[in-house]
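Chemist: Predicted structure and sequence below. I'll ask about it afterward.
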Amino acid sequence: MTTMFLSLFSLGLVGQACGLTPYTGSPPNLPSRKPFGFGSKSTGGSLNTSATYLATNAAELRQALALPYAKTIYVKGVINGNQLSDGTSATCQTYIDNTGSAGAAIRTYNFTEYIYSLNSTYLAEVSAAAAANQLFNGRNATEYRTYLGKLNGWRPVVSNTQKAAVGFTIPSNTSLIGLDSSATLNGINLYLNSVDNIWIRNLKLVSPADCFPAPETYPSSWNAKFDAVGLVTATNVWVDGCELQDQLSGEYVDPDIIPPGWEVDRFDGLFDCEDGSDNVTFSHNIIKNHHKSLLLGGGTKEADRDLGKMKFTIFGNHFQNSASRNPLMRFGSYDIAANLFESVNNNNPVYKRATVPADAVFQYHMGVYNQSQVQLQDNVFIQTGSVPNDTSRIFTVTENLLSDRPAKLCVRPGSFTSTMNANPVDLVTAAKGALNYAVGKGRAVTDGVVFTCDGFTAIGTPASTAFKSYSESYIAMVATCESENTETIDQSSFWDESGIHWDAHRIGWAVSGAFALAATIITIVSVSRHARHYYVPKEQRQIIRILYMPLVYAIISWLSYRFFRAYTYYSFVVIIYEAITISAFMLLIIQYVASTSSGKTAEGALARKDKEKLPIPFCCWRYRPTKSYFMYTIKWSVLQYVIIRPAVSIVGIICEALHILCQSSWSYKHPSVYLTAVDFVSISIALYGLILFYDLTKQELKGRRPLAKFLTIKLIVMCTFYQEFVFDALQNHGIIKATEYWTASNIADGLNSLCITIEMWAYPVSEYIRPELPKTAAKRAIFDSLNFSDFVAEIWGSLKFFYDYAVGKPHTRGVLKHDDSLDFGEAFGVHNASGNLRTRGGSVANAA
């Protein structure tokens with residue numbers, strides 16, 4: 001029986017959850033928002049501060065919800081609605097196998113055969129075979145025909161078995177809140193029936209797929225049973241800061257195709273409310289990739305239960321590729337303000353269409369139905385596709401057949417005119433067009449909708465919010481980040497009593513680990529050889545720093561590949577070391593030049609150079625390398641990366657912590673695109689500076705193989721930065737696609753991390769080996785390589801020079817003069833405070 005099957009899901013209450021104790025940890029880091037609008041009086045369970053609990057699985061969630069007093073329940077991680085007490089997951093067949101008693105005929109139910117039973121032609125063929133006492137597809141036709149006749153009656157029974165498993169009832173005076181950004185109710189139907197005072201916040205809500213939906217009209221209209229959140233006669237409800245969708249990855253789920261052409265849609269609404277539900281605020285939520293999203297108000301037969309109630313505030317939400325019902329409204333009062341409606345419209349204007357698409361192709365946004373009172377203010381519409389500026393799909397009007405009891409639509413002026421694709425849009429004209437179309441189709445009468453603001457009160461919204469700023473900035477930025485998937489695969493163990501858990505991600509991680517191990521061994525060997533032959537410290541100090549780079553890349557990428565949620569934080573280490581590596585190479589080149597100063601000095605060589613062309617793409621410009629300020633400019637082109645790259649990363653980490661980074665998006669609405677642009681420019685300037693250094697000094701560096709060393713740095717940094725750029729582009733153009741458990745951004749990050757671990761280079765130690773000298777102590781080399789005081793000195797010296805240049809000190813305007821020998825800091829004209837070049841012997845040559 002259904003109750004017996006429910007015990008399979010509840011059995012864990014005895015073991016897993018009977019020890020449920022009040023939660024005493026840190027509360028979630030949520031925006032400091034309070035309920036407003038029609039749901040402003042709700043408090044959830046917040047007034048009972050002594051009753052806070054943590055739920056990490058379905059059993060704990062059921063027990064916490066069953067507590068008979070006001071409470072707050074924090075959800076941690078992914079809670080699956082189909083989780084059995086033994087940790088396994090129920091399937092559609094599991095629900096069938098646990099309906100009725102053992103051996104009951106209903107346990108032979110088959111949904112595909114149920115679909116066949118709806119086909120009159122198919123039934124006639126089976127009946128004919130039965131009448132002829134023949135077999136039908138190898139089965140006894142008479143028994144099979146009898147069986148087919150029972151399937152329609154069995155369908156709701158097995159459906160109720162699934163309902164008992166995936167349905168979670170929320171009682172009055174309850175707050176259900178996600179503890180962090182990974183909190184997810186996957187395949188769970190939250191049911192609010194005749195309850196009052198509910199908060200639902202900071203959760204990803206993935207609606208259950210109905211194993212046994214009921215068909216309405218062939219081929220694609222279905223009545224699925226489960227919503228992500230369903231309200232029946234519920235009052236004082238606040239749903240805030242949630243994501244509502246059909247699967248963990250957030251992608252649209254295509255209908256199942258069953259012969260002879262049924263397109264089975266297994267999903268109902270995401271947020272459906274009826275039977276006099278009242279005083280509800282639905283705010284700051286993301287509704288994505290769904291067919292029928294928000295149904296507010298029952299059918300005509302339920303009018304008596306809805307009239308005078310059904311008051312909703314729909315504020316600050318992002319409807320992202322939601323095909324319809326954004327929302328659909330009947331009988332009640334609805335304030336729709338400061339929402340972002342984003343859609344892809346490849347259909348002709350609605351007034352010319354003949355049929356409605358079966359899948360999640362965009363149909364319309366707002367349904368102004370029977371006797372609804374709708375007030376609009378400050379909404380933003382972004383529409384792309386082949387017909388981007390079509391306004392005919394903003395509204396649909398139907399059931400408006402009573403001129404004495406019309407629907408009302410008020411478009412309030414607000415703080416700015418609602419826009420479509422950044423252009424003002426006349427919503428009244430658009431709604432009148434929808435009404436005229438409905439009149440022509442017989443679905444409305446001319447006076448079925450009245451366009452007036454008389455009788456409406458001002459929309460109740462956060463008092464301090466400026467609507468234009470809120471709609472175009474906060475909603476377009478904060479509420480639109482693509483969610484990284486929350487599947488716990490990256491935290492689970494590799495093995496249990498059943499064996500090793502291998503999947504594509506773990507195989508990739510193992511491959512990445514092999515490369516990381518190789519990089520570690522190569523780095524240790526290379527560094528140790530330099531450390532034991534540390535005879536030219538000023539050069540080898542920089543080389544050892546460069547040799548650390550593959551090790552840092554490999555280990556961080558290896559960790560990031562598996563623990564992808566922390567990718568932004570792990571990558572900060574790589575970002576810092578990229579900046580160090582590029583600067584170390586610049587200082588190495590400077591030291592190479594300084595070491596060649598015997599006989600033909602560096603500044604002597606530079607002083608003899610004429611004007612030269614800059615490398616591509618600025619080859620039309622010429623420069624004179626003898627100018628001191630030019631050399632400092634080139635040095636600073638590299639040193640700026642040491643400052644800008646970490647600074648950009650720190651800003652990114654802050655944005656990620658605030659959930660506004662949107663790293664997988666290239667939209668102008670998100671901080672990520674601007675940080676990436678700054679990063680892109682900074683790294684390009686640094687690499688260009690290195691190219692100019694090499695081009696300027698390649699004659700003086702013959703025999704030191706600077707090109708190979710330069711390409712080592714240039715290729716690794718360019719590959720790691722630009723390959724991430726390429727993977728993101730492939731993701732955003734749909735070439736890298738999501739899977740059920742992995743978003744496209746997860747896959748792109750994983751591919752990038754795998755590539756980084758393979759890109760390993762090193763510097764040989766052979767040119768530094770001195771057989772006649774004793775080996776050196778390794779600790780000095782390691783200490784020198786980790787002492788970055790030379791970086792500080794270079795940055796300070798460059799800043800000091802630019803300050804002197806800005807105030808017009810004479811030594812900054814001169815040219816480089818010949819000097820017999822230069823030390824490390826003077827290879828490119830580093831002057832002392834008096835404006836002279838200091839020689840190793842202490843003599844001073846005038847540099848003016």
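Modeler: Sure thing, it's come through.

Chemist: right, and Arg62 touches Gly167 too?
Modeler: No. Using CB atoms under 8 Å, Arg62 is not in contact with Gly167, being 10.3 Å away. No exception for glycine: its C-beta is placed from N, CA and C like everyone else's.

Chemist: At which residues are the strands of the stretch 101-250 of the chain located?
Modeler: 135-136, 139-140, 167-169, 174-178, 184-186, 189-193, 196-201, 204-206, 214-217, 221-223, 229-232, 235-240, 243-245 (DSSP state E, counting those that start in this stretch).

Chemist: What is the least confident helix or strand in this protein?
Modeler: strand 844-846 (a mean of 29; mean pLDDT, DSSP states H and E).

Chemist: among the strands of the stretch 101-250 of the chain, which is nearest Leu376?
Modeler: strand 235-240 (20.0 Å; CB to CB).

Chemist: partners of the closest one in the sheet?
Modeler: Here strand 235-240 has these sheet partners by DSSP bridges: strand 196-201 (parallel), strand 278-283 (parallel).

Chemist: I'd like to know which of the strands of the stretch 101-250 of the chain is closest to Ala510.
Modeler: strand 184-186 (27.0 Å).

Chemist: list the buried ones in the host helix or strand of Val439?
Modeler: In this structure, Val439 is located in helix 427-440 according to DSSP states H and E. Residues of helix 427-440 classed as buried by neighbour count (16 or more other CB atoms under 10 Å): Leu427, Ala430, Ala431, Lys432, Gly433, Ala434, Leu435, Tyr437, Ala438, Val439.

Chemist: Following element in sequence after that helix, please.
Modeler: In N-to-C order, the element after helix 427-440 by DSSP H and E is strand 449-451.

Chemist: residues near the closest residue to Asn289 other than its chain neighbours, how many?
Modeler: Among residues not flanking Asn289 along the chain, Tyr252 sits closest, at 4.0 Å (CB to CB, 6 or more residues apart in numbering). Tyr252 has 19 neighbouring residues, counting by other CB atoms under 10 Å.

Chemist: three-state assignment of Tyr252?
Modeler: coil (DSSP: H, G, I helix; E, B strand; the rest coil).

Chemist: In this structure it contacts Phe267, no?
Modeler: No. Judged on CB under 8 Å, Tyr252 makes no contact with Phe267 at a distance of 9.7 Å.

Chemist: Mutual contacts of these two, please.
Modeler: Asp246, His290 (CB atoms under 8 Å, 6 or more residues apart in numbering).

Chemist: Now do Asn317 against Phe788, distance only.
Modeler: Distance of Asn317 to Phe788, computed by CB to CB, to the nearest Å: 48 Å.

Chemist: ok, now Ile782?
Modeler: From Ile782 to Phe788 the distance is 13 Å (CB to CB).

Chemist: circling back to that earlier point, make a markdown table out of the strands of the stretch 101-250 of the chain and add distance to Ala55, mean pLDDT and mean neighbour count.
Modeler: Supplementary listing: the strands of the stretch 101-250 of the chain in a markdown table, determined by distance: least, CB to CB, whole Å; pLDDT from 0 to 100; neighbours: other CB atoms under 10 Å:
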| stretch | distance to Ala55 | mean pLDDT | mean neighbour count |
| --- | --- | --- | --- |
| strand 135-136 | 50 | 94 | 16 |
| strand 139-140 | 47 | 94 | 14 |
| strand 167-169 | 10 | 96 | 16 |
| strand 174-178 | 9 | 97 | 26 |
| strand 184-186 | 10 | 96 | 25 |
| strand 189-193 | 13 | 96 | 21 |
| strand 196-201 | 13 | 98 | 24 |
| strand 204-206 | 14 | 96 | 25 |
| strand 214-217 | 32 | 85 | 12 |
| strand 221-223 | 31 | 82 | 14 |
| strand 229-232 | 17 | 96 | 24 |
| strand 235-240 | 18 | 98 | 26 |
| strand 243-245 | 18 | 94 | 26 |
